[in-house]
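Enquirer: Provided below for reference: sequence and predicted model.
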Amino acid sequence: METDLRWMQVALTLGQRGMGRTWPNPSVGCVLVSPEGRVVGRGWTQPGGRPHAEVMALRMAGPAARGATAYVTLEPCSHHGKSGPCSEALISAGVARVVSALQDPDPRVSGRGHAMLRAAGIPVTEGVGAAQAQQDHVGFLTRATEGRPMVTLKLALTLDGRLATASGESQWITGPEARRVGHAMRARHDAVLIGAGTARADDPTLTVRGLGVTQQPVRIVAARRLDLPFPSRLSDTASPEAPVWICHGSDAPADRIAEATRLGLTCIAVPEGAGGLDPAAMLAELGARGLTRIYCEGGGALGASLLRSSRVDRLAVFHAGCAIGADGRAGLGEMGLEALGDAPRFERMRSVPVGADLLSEWARL
């Protein structure tokens, strides 16, 4: 078991390389190990979701795959899509054993991949490294089971919980090291989401910079009335390789929708809730379009609405060693809570210094 866990950790590390670039498919890792304990093949899901990790590992291994043990971070697929099932590929390659971390909840698979392998006489061990695999695949699992992407809410705050001065100045509360980590987090998500207020105030590009990333996340603005300035840095940089989506409500003016579309932006109509777009409906629509992992960078009203609707799965909070005071802008908008027991609760995953700042990451209880 200890050996299996060690090799599964290798597979998990491989799978992490594809995060943010494989949607709507999960970012799976696979390593093939010979009976002598030598790696003969390794792979991870490629950009766009194909080829799958198992196929990449088998290509590397060639004939050496026969008799090897395959360590895979998610159950090998069993259905015919754009390519044949990975379970069939493993059987044809002659692997002697398969070790997987999780069963795939996709109803097209959901145990069928493991069953196919066992029917071919290949022993399957399940659940090795499951806890870490749950963390790595949380976006895919959330979309498969809840029909929405997982959401990481990122906050960059002062010690007293402010994200900007009273005048709206926020660049930069945190230091360059924290901003670089923030870019790395963007790169590990399928999309970056902000509210209309942040788009108007900051005119951001929301791209990943300084890390050599070639495939940019989808950039999304939640703007009920589509009251955004055009042109902007978002519209100027919109392209098939770096798309921009605008989620808007039913009262968005038709001429604004036409202008945004002309500039190459994708406009998505979303039902409205109390005070703005309905967060659950918006995320369901984004999940239907294939997104599995969203990195929300605010502002305060959007973050509060996602929290109120229990749609925040992770918190990434950067705290800077400064204070602004009560006249500064709060990190979150109004939550409408009357009792402390109604506040959303999170479990701390880790806290690490990042330059002069502190990053704490939390998971929803």
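Expert: Yep, that arrived.
Enquirer: contact partners of stretch 151-163?
Expert: In this structure, residues lying in contact with stretch 151-163 by CB atoms under 8 Å, 6 or more residues apart in numbering are 170, 173-174, 178, 182, 185, 189, 193, 283, 293-300, 303, 306-307, 311-325, 328-332. Using the backbone N, CA and C atoms, a C-beta is placed for each residue, glycine as well.
Enquirer: quick check: mean pLDDT across it?
Expert: For stretch 151-163, mean pLDDT is 92.
Enquirer: these two touch, right, Leu286 and His189?
Expert: No - the pair Leu286 / His189 is not scored as a contact, 11.9 Å apart, by CB atoms under 8 Å.
Enquirer: now do the shared contacts for the two.
Expert: Listed contacts common to Leu286 and His189 are Ile294; contacts here mean CB under 8 Å, 6+ apart.
Enquirer: without its sequence neighbours, what residue ends up closest to the most centrally placed residue in the chain?
Expert: Closest to where the C-alpha atoms of the chain average out (CA atoms, centre = their mean) is Arg293, at 2.3 Å. Closest residue to Arg293 apart from its sequence neighbours, by CB to CB, 6 or more residues apart in numbering: Gly139 at 3.7 Å.
Enquirer: quick revisit: look up how far Gly20 lies from the residue nearest to the centre of the chain.
Expert: Distance, Arg293 to Gly20, using CB to CB, to the nearest Å: 7 Å.
Enquirer: also Ile268?
Expert: 20 Å.
Enquirer: higher neighbour count, those two?
Expert: The residue with more neighbours, out of Ile268 and Gly20, is Gly20; 25 against 17, by other CB atoms under 10 Å.
Enquirer: from Tyr295, how far off is the nearest residue to that one once chain neighbours are set aside?
Expert: Nearest non-adjacent residue to Gly20, counting by CB to CB, 6+ apart: Arg188, 4.8 Å away. From Arg188 across to Tyr295, the span is 8 Å (CB to CB).
Enquirer: which one of the two has more residues nearby?
Expert: Between Arg188 and Tyr295, counted using other CB under 10 Å, the more crowded position is Tyr295 (26 against 19).
Enquirer: list the residues that contact that one.
Expert: By CB under 8 Å, 6+ apart, the residues touching Tyr295 are Thr152, Lys154, Met185, Arg186, Arg188, His189, Ala191, Val192, Leu193, Pro217.
Enquirer: greatest separation within these: which pair is it?
Expert: Comparing every pair within the contacts of Tyr295 by CB to CB identifies Arg188 and Leu193 as the most remote, at 14.4 Å.
Enquirer: identify the contacts common to Arg293 and Gly20.
Expert: Both Arg293 and Gly20 are contacted by Arg188, His189, Asp190, under the criterion CB under 8 Å, 6+ apart.
Enquirer: wait, isn't the first one in contact with Arg293?
Expert: Yes - in terms of CB under 8 Å, Arg188 counts as a neighbour of Arg293; the distance is 7.3 Å.
Enquirer: find residues that contact each of the two.
Expert: Common contacts of Arg188 and Arg293 (CB under 8 Å, 6+ apart): Met19, Gly20.
Enquirer: how about the longest helix seen in the chain: buried residues?
Expert: When the chain is parsed with DSSP state H, its longest helix is helix 2-16. Buried residues in helix 2-16, defined by neighbour count with 16 or more other CB atoms under 10 Å: Asp4, Trp7, Met8, Gln9, Val10, Ala11, Leu12, Thr13, Leu14, Gly15, Gln16.
Enquirer: ok, stretch 238-256 next?
Expert: Ala238, Ala242, Pro243, Val244, Trp245, Ile246, Cys247, His248, Gly249, Ala252, Arg256.
Enquirer: what's the end-to-end length of that stretch?
Expert: Criterion CA to CA, to the nearest Å; first-to-last residue distance in stretch 238-256 is 16 Å.
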